[in-house]
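Undergrad: attaching a predicted model along with its sequence, questions to come.
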Amino acid sequence: MNKDIHFSLKRITFDEDYRPSPNTRITTNFANLARGEKRRENLRNTLTMIDNRFNALAHWDNPKGDRYSVELEIVSVDIDVTGTGDAFPTIEMLKTNIVDHKTNKRIEGIVGNNFSSYVRDYDFSVVLTNYNKNQPKFGIPENFGALHGKIFKHFVNSSVYKTHFSKSPVICLSVSENKTYQRTENRHPILGVEYQVDSSSLTERYFKKMGLEVRYFMPPNSVAPLAFYFFGDLLNDYTSLELISTISTMETFQKIYRPEIYNANSVAGAYYQPSLNQHDHSLTRIVYDREERSQLAVKQGRFVEEHFIKPYHSTLEQWTANSAL
């Protein structure tokens with residue numbers, strides 16, 4: 001790794017008083033919720049949903065369903081590619097922590113969960129769009145996602161990451177609309193029933209370049225599977241409470257962001273194809289502007305191109321080509 005390239009990390013509490021920092025991607029789920037007239041109500045209701053879901057899954061020795069609460073931190077990562085201190089915002093994830101009100105202990109959860117990246121905005125909203133402008137058939141440019149993958153892998157292997165976190169990240173996303181998922185006989189007590197898909201999606205291939213594998217599970221009393229991206233062994237590397245913290249957090253965000261899938265009134269069957277055109281679903285009381293989010297992704301992609309990709313093009317190109325990871 002280039003000795004001049006290094007990362008810096010900041011942690012901000014995500015609670016009902018949270019306000020996005022200037023460097024936060026405003027398309028990020030948690031940042032979108034914290035804007036507008038109903039920002040405090042949005043945040044309070046979101047956190048309540050997370051706590052309720054956590055206690056429903058962690059039901060043992062929890063007769064009243066109020067033993068635990070989840071605390072969230074926003075982890076913001078900047079990258080300095082020249083060693084001059086001129087850092088650029090790169091990655092944002094969520095870190096869960098669990099408060100056990102019975103024992104008065106605070107238990108470390110999982111980092112990852114939600115995943116946001118300015119460079120990913122650039123890849124999908126600028127690179128991919130420009131490549132397909134005059135193409136008769138949709139295609140993927142060569143080395144698509146290579147830079148982003150190297151940045152992420154180097155961050156996870158960096159001393160900065162290892163100083164702050166004891167375990168590898170787990171990122172939890174929605175399933176893909178253009179894939180069909182088949183239920184298997186494999187069941188996990190926390191993650192639930194496993195689903196499999198015949199072919200990989202663009203998102204899967206993109207995260208593969210980040211070094212991440214993916215498995216699909218539908219947790220107990222959920223209506224659709226979630227995509228879990230991870231290093232190592234998802235089923236054995238994490239405790240039950242750690243996994244529950246991720247499920248409760250990200251399922252809540254998906255119910256708000258994609259209610260057609262995750263707040264549907266029917267449960268995924270043996271063969272399941274998710275759809276945002278599904279009308280038989282319920283809405284949460286939380287305001288979320290999905291259309292604005294899509295429009296902002298393009299603006300942010302262009303911001304990355306102007307302030308990161310173009311100024312440091314030769315450095316980034318050389319680093320990507322020479323990187324061992």
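TA: Ah, there it is. Residues are numbered from 1 along each chain as shown.
Undergrad: shaky segments in this protein?
TA: For the chain, the stretches flagged by pLDDT under 70 are 1-4, 21-36, 287-295, 323-325.
Undergrad: for it, just list every one of the strands.
TA: For the chain, strands defined by DSSP state E occupy the ranges 6-14, 68-80, 88-100, 105-117, 170-173, 181-188, 192-197, 213-218, 226-230, 271-272.
Undergrad: mind putting the ones you listed into CSV with mean neighbour count?
TA: C-beta coordinates here come from the backbone N, C-alpha and C atoms, glycine included. Shown next, in CSV, are the strands of the chain (neighbours: other Cβ atoms under 10 Å):
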stretch, mean neighbour count
strand 6-14, 16
strand 68-80, 20
strand 88-100, 22
strand 105-117, 21
strand 170-173, 23
strand 181-188, 14
strand 192-197, 18
strand 213-218, 20
strand 226-230, 23
strand 271-272, 16
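Undergrad: residues contacting residue 176?
TA: Counting by Cβ atoms under 8 Å, 6 or more residues apart in numbering, residue 176 touches 197, 201, 203-204, 227, 274.
Undergrad: residue 262 is nearest to which of the strands of the chain?
TA: Ranking these by distance to residue 262, with Cβ to Cβ as the measure, places strand 226-230 first at 8.2 Å.
Undergrad: chain center to the closest one, what's the gap?
TA: 9 Å (Cα atoms, centre = their mean, to the nearest Å).
Undergrad: again with stretch 80-99
TA: Averaging C-alpha positions (Cα atoms, centre = their mean) puts stretch 80-99 14 Å from its chain's average.
Undergrad: who's sitting farthest from the centroid in this protein?
TA: What lies farthest from the middle of the chain is residue 136; by Cα atoms, centre = their mean that is 32.1 Å.
Undergrad: separation between it and residue 130?
TA: For residue 136, the distance to residue 130 equals 16 Å [Cβ to Cβ, to the nearest Å].
Undergrad: and for residue 277?
TA: Counting by Cβ to Cβ, the separation of residue 277 from residue 130 is 28 Å.
Undergrad: looking at the two, which is more packed in?
TA: residue 130 (11 against 6; other Cβ atoms under 10 Å).
Undergrad: against residue 39, how distant is that one?
TA: The gap separating residue 130 from residue 39 is 35 Å, by Cβ to Cβ.
Undergrad: how close does the nearest residue to residue 168 once chain neighbours are set aside sit to residue 237?
TA: Of all residues not flanking residue 168 in the chain, residue 231 sits nearest, at 4.1 Å (Cβ to Cβ, 6 or more residues apart in numbering). The spacing between residue 231 and residue 237, counted by Cβ to Cβ, is 8 Å.
Undergrad: who touches both of the two?
TA: residue 168.
Undergrad: what is the neighbour count of residue 158?
TA: Applying other Cβ under 10 Å, I find that residue 158 has 17 neighbouring residues.
Undergrad: the one 5 residues further on now?
TA: The criterion is other Cβ under 10 Å. On that basis, residue 163 has 8 neighbouring residues.
Undergrad: roughly how far out does stretch 179-190 sit from the chain middle?
TA: The answer for stretch 179-190 is 21 Å, by Cα atoms, centre = their mean.
Undergrad: what's the answer for stretch 144-158, then?
TA: With Cα atoms, centre = their mean, you get 15 Å for stretch 144-158.
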